[in-house]
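>>> no sequence for this one, just the structure:
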Ligand SMILES: CC(C)(COP(=O)(O)OP(=O)(O)OC[C@H]1O[C@@H](n2cnc3c(N)ncnc32)[C@H](O)[C@@H]1OP(=O)(O)O)[C@@H](O)C(=O)NCCC(=O)NCCS
């Protein structure tokens, strides 16, 4: 478990988190809708998330995904950071995803949580690279990536089915051997 700020920690998701995850997704249903696949009503149930976490825990030994939650000190889940599609061999790469609760945005939680996830990817998972993809107009997410040393590597037309439409995404990568040199436009 890592501390993000005075009131939040970053920790692995675990058995028993289903109820808090369902509450978090219900609180943030409108906030996340423009940035995620369309969710059916079952997604907002505790049982759906408890099953999903159990599946993740059972698959964990294969090492294909790392799922973390941003938890507030009252025990509620306020966001997520995932390293998905971990591939080894000549690639040694993973896909990064994240979100933060609507009422807790703008206080650096995503920037710090991504920083810690990258440290885990480099030091513990021994990965070479992390990739992220944002909608073209997702400026807040692009700021989080810039602060963590990601560079833009391309534009992928109709890359993901988000909010019901195949939408263009900007692709970013962070090469984990490289030091962070600061975000563009900042000393
Ligand atoms: C993107 C998201 C994770 C950012 O979380 P956060 O905890 O608020 O992020 P931080 O506080 O660490 O940093 C946010 C940055 O975005 C900037 N920002 C916030 N809203 C913005 C907006 N509407 N336009 C431009 N920049 C914006 C902030 O100023 C800050 O940049 P700065 O540090 O250079 O000032 C959060 O807004 C979110 O969950 N969005 C919906 C889901 C999503 O987009 N996930 C990512 C998919 S790729």
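Here it is on my side, so go on. In this text the structure is predicted, and so the values were computed from the model without any measurement.
>>> OK, contacts around the spatially most central residue of the chain?
For the chain, the residue whose C-alpha lies nearest the mean C-alpha position (CA atoms, centre = their mean) is residue 98; its distance is 2.3 Å. Contact analysis of residue 98 by CB atoms under 8 Å, 6 or more residues apart in numbering lists 79, 80, 81, 82, 110, 113, 114, 117, 141, 144. Where you see a C-beta, it was placed from the backbone N, CA and C, and this is true even at glycine.
>>> In the protein, mark out all the strands, start to finish.
With DSSP state E as the criterion, the chain has strands at 2-5, 8-12, 66-72, 77-87, 93-100, 129-135, 151-162, 165-175.
>>> buried set for the longest one?
Neighbour-count burial for strand 151-162, counted by 16 or more other CB atoms under 10 Å, picks out 159, 162.
>>> How about that strand and the ligand, touching?
No: with CB under 6 Å from any ligand atom as the measure, strand 151-162 is seen stopping short of the ligand, the closest distance being 9.0 Å.
>>> Just give me how far that strand sits from the chain centre.
16 Å (CA atoms, centre = their mean, to the nearest Å).
>>> Note down every partner strand of that strand and its orientation.
If you go by DSSP bridges, strand 151-162 pairs up with strand 165-175 (antiparallel).
>>> Pull out the buried residues from the partner strand.
167, 168, 169, 170, 171, 172, 173, 174.
>>> Tell me the bridge partners for the residue nearest to the centre of the chain.
Residues found in beta-bridge contact with residue 98 (criterion: DSSP bridges) are residue 81.
>>> now residue 71
In this entry, residue 71 is beta-bridged to residue 9, residue 77, by DSSP bridges.
>>> Contact residues of the protein facing the ligand?
Contacts of the chain with the ligand, taken as CB under 6 Å from any ligand atom, map to 32, 35, 98-100, 105-111, 134, 138-141, 143-144, 147.
>>> Mark which of these are buried, thanks.
Buried residues within the residues of the chain next to the ligand, counting neighbours by 16+ other CB under 10 Å: 32, 35, 98-100, 109-111, 134, 138, 141, 144, 147.
>>> Leaving out chain neighbours, which residue sits closest to residue 45?
With CB to CB, 6 or more residues apart in numbering as the measure, residue 22 is the residue that lies nearest to residue 45, at 5.8 Å, once sequence neighbours are left out.
>>> Please disregard the earlier target; I meant residue 75.
Take residue 75 and drop its neighbours on the chain: the residue closest to it by CB to CB, 6+ apart is residue 20, 6.8 Å away.
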